[in-house]
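Q: for reference, the sequence and a predicted model appear below.
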Amino acid sequence: MSQLMIKDLHVEVEGKEILKGIDLAVSDHEIHALMGPNGNGKSTLLAAIMGHPKYIVTQGSIELDGQDVLAMSVDERSRAGLFLAMQYPQEVPGVTNSDFLRAAMNVRREQPIPLFTFIREMEKTIKDLQMKPDLAHRFLNEGFSGGEKKRNEIVQMKMLKPSLAMLDEIDSGLDVDALKIVAGAITEMRRNSSLGLIVVSHYERFYQLLQPTHSHVLINGRIVMEGDETLVQKIDAEGYDWIYQQLELTPAKEQTRLVFTLGSCAASARGRKNG
């Protein structure tokens, strides 16, 4: 049984503390919805788990199957089974999707994947995500639309077969049809593996399609509330304001207080500046 265990995690960026004591455990087959208003640390958490050098862990631990993740380089974390589908995938001119993926797959194997096996698997994955057949020969994300970049992240996830995947607003920029395609590909992968997921999204529709087993609300660098799928539904209907009131929370001084709903991913008229 694979498990990611995070204890008392504190993370700072450019000298400013963003995460202030995160505890989280994610096991096989679980889907964890990670919610909260923008600017409260969701992407910071995922980047810190994956080892982005900008995000400095000052306290706490991250373990994957008992291994110290913080002692690993980024590529070691990837080979250990971690995967991050990025909110803003980068373009890599001169490197084709096929070359990138085959190299990434080979470092996970004792023997290189046979060429024709790789071609068959990639062609099937491209078809599953309903992307253009020439995807394998295009440079990584270069000239891709926003939706193509997001679907290409899922192509990579399906090919690399991680044990724990983190999706950072992978649904943003997708139209209704593409959203269903991506959710369907993720659901199929879960059905055929023990994949665990951490999913950041502002859209209740995406969570409906994925059906999270756990839900967490991250505010001011801390997980302040946890539940199941019903918590997602309540936030979609009522926004986050009731959580601030119920828990007597105050937004960070430098932040604008914005009330978000999952359905619209837009601030309501109740947004106000805290002095």
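A: Received it, and whenever you're ready, just let me know what you need. Residues are numbered from 1 along each chain as shown.
Q: got a list of what the most centrally placed residue in the chain touches?
A: In the chain, the residue lying closest to the centroid (CA atoms, centre = their mean) is Leu167, at 2.0 Å. Going by CB atoms under 8 Å, 6 or more residues apart in numbering, Leu167 touches 85, 153, 186, 197-201. Heads up, the C-betas are built off the backbone N, CA and C, glycines and all.
Q: again with Ala104
A: Contacts for Ala104 (CB under 8 Å, 6+ apart) come out as 78, 156, 159-160.
Q: ok so it is a helix residue?
A: Yes: counting by DSSP: H, G, I helix; E, B strand; the rest coil, Ala104 falls inside a helix.
Q: any idea how far it is from Ala178?
A: 24 Å (CB to CB, to the nearest Å).
Q: only the C-alpha atoms, please, for stretch 93-101, written as PDB.
A: Extracted C-alpha coordinates of stretch 93-101, given in PDB (Å, rounded to 0.1, in the frame of the first residue of the first chain):
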ATOM      1  CA  PRO A  93      11.300  24.000 -28.000                       C
ATOM      2  CA  GLY A  94      13.400  21.400 -29.700                       C
ATOM      3  CA  VAL A  95      12.200  18.400 -27.600                       C
ATOM      4  CA  THR A  96       9.400  16.300 -29.000                       C
ATOM      5  CA  ASN A  97       6.700  14.800 -26.800                       C
ATOM      6  CA  SER A  98       7.800  11.300 -27.800                       C
ATOM      7  CA  ASP A  99      11.500  11.900 -27.000                       C
ATOM      8  CA  PHE A 100      10.600  13.500 -23.700                       C
ATOM      9  CA  LEU A 101       8.200  10.700 -22.600                       C
END
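Q: tell me the mean pLDDT over it?
A: Averaging pLDDT along stretch 93-101 yields 96.
Q: chain center to that stretch: distance?
A: 22 Å (CA atoms, centre = their mean, to the nearest Å).
Q: sweet, I'm off.
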